[in-house]
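In: Sharing a sequence plus its predicted fold:
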Amino acid sequence: MDNIKNFNSEAAYYAEGMPTTESRVSHIDETNEPKFDGVNVLTEHPRFGDAIYKDSDGGKHAICQDTYNASLVSSGWVYEGVFLGYYKDGRWRVFKGNYSSLPLLKYADVVQFRVAVPAETGTLTLGAQFITAGTTDTISVEYTEGMTLGTAENTYEQNDTTLCGRINTALANLSGITGDWWAYVNGSGEVILQRDTWTDSRQHTCSGALTHITWGDMPANSSYRKANGQSTSYRGLMNITGAAAYWATSSTRELSANVAVHSEAGNTDPMKKTDFFNSEYAADLRAYYKTYENYLRGEFGILSSQKTGAFALPDGEYLTQKYGPMMAPTKSGGIKAKFPSLNWAYLQGGHLWDVTEGVLMMEDDNLNTINATQRKAGKVTLASSTYRWFAQRYNVNAAWFFNGTNRYLYIIIVYSTYQVGAVTLL
């Protein structure tokens, strides 16, 4: 195809379509206007959705999305993903999209307790949910003042000469015990009681000489603000198109009083679409928002650029870099990631996408833009119905995630298995 073309009119120019295999210079006769239509046009100032590559020397390159043709990119360049914007220090924020699929992982996968070692000889009582989740059972261990806590770091031992050995003997003799419970001495000289796999929301509870320490100093927060300024624990919508399709008919809310504009508070469900258009109690909302989608966006969307609640927590880069590398020994002598989702992103050289990035990426137009670039690259796309973890924690047993059914920024128990993805800062 010639890369210099002449068109009689703008209509003829646009009817031709944009070039996809080589750049083109065009001239429109009726307006005497030149047009420059490039393929794989590079930019030093990328925009949301542009394709990001690295060359063999590690240099970064941005290709304008509307000119992007993956098949024509230099063979020495490696696709990184989609440009999302600039990080606070000026680095490029990039959805690491160079995968054919993204893994499904837990947020946390062990439960850990610190054992308070007594100062004197006596009976040590340890209470945890050893047998039935929801019910705390206890074991008793005789402690001798000054006894050895354990003979080796992070090692399972069952004997009568060390404190860990006695605890493990008591656990082995506990009828009906479920899961791999064991005690060991860690690298800091602390006695740790651990369940190797977290399987129930209540397994963090304990009593006696135990203190739950799974999270260490990882912060948490259980709220954020919706677009209408109201605080919520989990009723902010991240994807309006999907939310409208779900809540239009799935809402069980019954209106019994007038609903004022910007009054949808707390964890209230959105009203049904038929109520929005027909109920006398929705007249003010109807007059103000006009459409059901605008109502959802204005009352249940998530306030942008907020610095409160979950959005005031450390970001995904900080949390991933600090907690992603943390590992835990296992009773069988192996090792596992304490926080698999953060660990996976850490191993990719990026960070687990956080709540701020989640709001950005799951917005309807932005999601479409991201997926358009990913399709051109032949890589994984993001569905608006897929459940996925974010980097921040909610409370003692739950973390923030995207609920792909009702499209909320929601919370769920950390041992659940959901999609994870990484964002890199270049």
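Out: Okay, I see it.

In: how many other residues sit next to Thr356?
Out: 21 (other Cβ atoms under 10 Å). In this view, the C-beta of every residue, glycine as well, is placed from N, C-alpha and C.

In: and it, what pLDDT?
Out: With respect to pLDDT, Thr356 scores 97.

In: Low-confidence regions, the stretch 301-426 of the chain specifically.
Out: Low-confidence segments of the stretch 301-426 of the chain (pLDDT under 70): none present.

In: in it, which spans are helices?
Out: 316-323, 340-347, 355-362, 364-377 (DSSP state H, counting those that start in this stretch).

In: Kindly report the same for the chain.
Out: 10-16, 163-172, 240-250, 273-278, 283-289, 292-300, 316-323, 340-347, 355-362, 364-377 (DSSP state H).

In: Turn those into TSV, including distance to His262.
Out: Formatted as TSV, the helices of the chain follow (distance: least, Cβ to Cβ, whole Å):
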stretch	distance to His262
helix 10-16	43
helix 163-172	55
helix 240-250	17
helix 273-278	15
helix 283-289	9
helix 292-300	7
helix 316-323	30
helix 340-347	35
helix 355-362	19
helix 364-377	22
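
In: Select, out of those helices, the one closest to Tyr107.
Out: helix 340-347 (5.1 Å; Cβ to Cβ).

In: and the longest strand for this structure?
Out: Using DSSP state E, we find that the single longest strand of the chain is strand 78-86.

In: Show me what that strand is packed up against.
Out: Strand 78-86 sits against strand 51-54, strand 92-96, helix 355-362, helix 364-377, strand 422-425, with contacts defined as 3 or more Cβ pairs under 8 Å, 6 or more residues apart in numbering; DSSP states H and E.

In: Dump those to TSV, plus distance to Ile167.
Out: Converted to TSV, those look like this (distance: least, Cβ to Cβ, whole Å):
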stretch	distance to Ile167
strand 51-54	50
strand 92-96	43
helix 355-362	39
helix 364-377	50
strand 422-425	39
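
In: now the strands for the stretch 1-150 of the chain?
Out: Listed in chain order, the strands of the stretch 1-150 of the chain (DSSP state E, counting those that start in this stretch) span 4-7, 24-28, 33-37, 42-43, 51-54, 60-63, 78-86, 92-96, 104-106, 111-115, 122-128, 137-143.

In: what pLDDT, on average, does stretch 209-224 get?
Out: The model assigns stretch 209-224 a mean pLDDT of 98.

In: Next: stretch 264-271.
Out: With pLDDT averaged residue by residue, stretch 264-271 scores 96.

In: re the thing from before, would you mind getting the angle between the longest strand of the chain and strand 92-96?
Out: Interaxial angle of strand 78-86 relative to strand 92-96 (axes from the mean of the first three to the mean of the last three Cα atoms, to 10 degrees): 130 degrees.

In: Give me the buried stretch members for strand 78-86, please.
Out: Applying a neighbour-count criterion of 16 or more other Cβ atoms under 10 Å, one finds 79-84 buried in strand 78-86.

In: and what of stretch 304-322?
Out: 306, 309-311, 313-317, 319-320.

In: Also stretch 87-106?
Out: So, applying 16+ other Cβ under 10 Å, buried residues of stretch 87-106: 92-98, 102, 104-106.

In: Adding pLDDT, write those residues out as a markdown table.
Out: A markdown table is the format used below for the buried residues of stretch 87-106 (pLDDT from 0 to 100):
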| residue | pLDDT |
| --- | --- |
| Trp92 | 97 |
| Arg93 | 98 |
| Val94 | 98 |
| Phe95 | 98 |
| Lys96 | 97 |
| Gly97 | 96 |
| Asn98 | 96 |
| Leu102 | 97 |
| Leu104 | 98 |
| Leu105 | 98 |
| Lys106 | 98 |
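
In: Now do the same contact list for the closest residue in space to Tyr281 that isn't next to it in sequence.
Out: Closest residue in space to Tyr281, ignoring its immediate chain neighbours: Leu255 at 4.1 Å, by Cβ to Cβ, 6 or more residues apart in numbering. Taking Cβ atoms under 8 Å, 6 or more residues apart in numbering as the contact definition, Leu255 lies against 271, 275, 279, 281-282.

In: Please name the spatially closest residue to Ser74 (chain neighbours excluded).
Out: Asp55 (7.4 Å).

In: Hmm, the one you found is touching Gly76, no?
Out: Yes. Look at Asp55 against Gly76 with Cβ atoms under 8 Å: they come within range, at 6.1 Å.
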